[in-house]
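Got a sequence here, can you model it:
(one chain, ligands or ions: 1)
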Amino acid sequence: MVLDKQGLGGISSELYEYVQAHNVLGAELEGVRRETEGLQNSFWQVAPEQAVFMGQLAELIDARKVLEVGTYTGLSALAIAAHLPEDGKLVACDIDFGPFEQVGRKYANVMGVEHKLDLREGPALDTMRQEIDNKQDGTYDMLFIDGAKNEYPAYYQLGKQLLRTKGLMIVDNMFGMGGQVVDHDVNDPRIEGIRSAAAMMRDDRQAGLIRLSMLRESDGIALVTKLAA
Ligand SMILES: C[S@@+](CC[C@H](N)C(=O)[O-])C[C@H]1O[C@@H](n2cnc3c(N)ncnc32)[C@H](O)[C@@H]1O
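Residues are numbered from 1 along each chain as shown. Predicted coordinates for the structure are as follows:
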């Protein structure tokens, strides 16, 4: 999610432009990004450098099976799907695939990744629980969490079950839409959800169950690697 391109993460807009100029999305993802900019919730889409980064991470870990919570118009999903093998799968969870059908679908087609996408419309928690009921726990190489912020603790717990050992979960908006996680006057359920997921991660890290990096990219991202089943 891009909140403030001016001085984002404490860097000048000139330096941020430099960063963007060296994170090449390619024509199709750039098309998604540009078309989404005309929509009401365009700030929802991940920053271009984050899309590039996540695609590269998927390739680095040889991801074949990915689950995304929160697809919107499809920038993050397509950036990852482009780096999956031909028989790879990205299970995309969203309560409304209207924005994806409006923007992302045609680019998925041009990119030749439509067959890798498995769109599951409905509450992401239901889809994640169904996957566990269908014995898909421990089978996902990568998850990207960018859905309802008040549900982050549940996404995190179910996500850990779905991940294989050494699998990677990337969690967006760890700063709470502009740093609200450290504003103690804010007790909005979305911010409480992010704080609570962060506390779970820290406890799991201390218990040796995961590796954890929290990075200053965009609105803060957490990289979680599962260490044990
Ligand atoms: C921040 S946007 C995702 C942006 C997307 N990752 C991108 O890069 O363009 C959050 C998405 O989560 C979806 N969402 C909200 N609540 C949800 C829920 N309970 N289950 C599944 N999806 C949900 C919204 O419809 C929205 O498309």
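
In contact with Gly74, which residues?
Val32, Ala92, Pro99, Phe100, Val103, Gly104, Arg105, Tyr107, Ala108 (Cβ atoms under 8 Å, 6 or more residues apart in numbering). For glycine as for every other residue, the C-beta is placed from the backbone atoms N, C-alpha and C.

Would you agree the second one is in contact with Lys116?
No - Ala92 lies out of contact with Lys116 (Cβ atoms under 8 Å); the separation is 10.0 Å.

Mind pulling the model confidence for the residue nearest to Gln45 when sequence neighbours are not counted?
In this structure, Gln45 finds its nearest non-sequential neighbour in Leu75, 4.6 Å apart by Cβ to Cβ, 6 or more residues apart in numbering. pLDDT for Leu75: 98.

Burial check on Leu75, number of neighbours?
Neighbour count for Leu75, taken as other Cβ atoms under 10 Å: 27.

all numbers from here: first residue = 91
New numbering, starting at 91: the last item is Leu165.

is the strand ranked longest in the chain anywhere near the ligand?
What stands out as the longest strand in the chain, according to DSSP state E, is strand 253-261. No - using Cβ under 6 Å from any ligand atom, strand 253-261 stays clear of the ligand, coming no nearer than 10.4 Å.

same thing with stretch 120-128?
No - applying Cβ under 6 Å from any ligand atom, one finds stretch 120-128 out of contact with the ligand, separated by at least 6.8 Å.

Who are the contact partners of Glu278?
You called it Glu, but residue 278 is Asp. Under the criterion of Cβ under 8 Å, 6+ apart, the contact list for Asp278 reads Gln270.

The ligand contacts on this structure?
91, 134-136, 160-163, 165-166, 183-186, 213-214, 236-238, 241.

which residues of this structure fall in strands?
Counting by DSSP E, the chain has strands at residues 155-159, 179-184, 207-211, 230-235, 253-261, 300-305, 311-316.

before we move on, the earlier item: what about Ala182 and Lys206, which has more around it?
The neighbour count for Ala182 versus Lys206, taken as other Cβ under 10 Å, is higher for Ala182 (29 against 22).

Run through the bridge partners of that one.
Counting by DSSP bridges, Ala182 forms beta bridges with Glu158, Leu209.

thinking again about what came up before, filter the residues of the chain next to the ligand down to the ones in helices?
Counting by DSSP state H, these place Leu165, Ser166, Ala214 in helices.

Spit out the contact partners of the second one.
Read that as Ser166. For Ser166, the contact set (Cβ under 8 Å, 6+ apart) comprises Gln135, Val136, Gln140, Ala141, Met144, Glu158, Gly160, Phe234, Asp236.

same thing but 7 Å
Residues near Ser166 by Cβ atoms under 7 Å, 6 or more residues apart in numbering: Val136, Ala141, Met144, Glu158, Phe234, Asp236.
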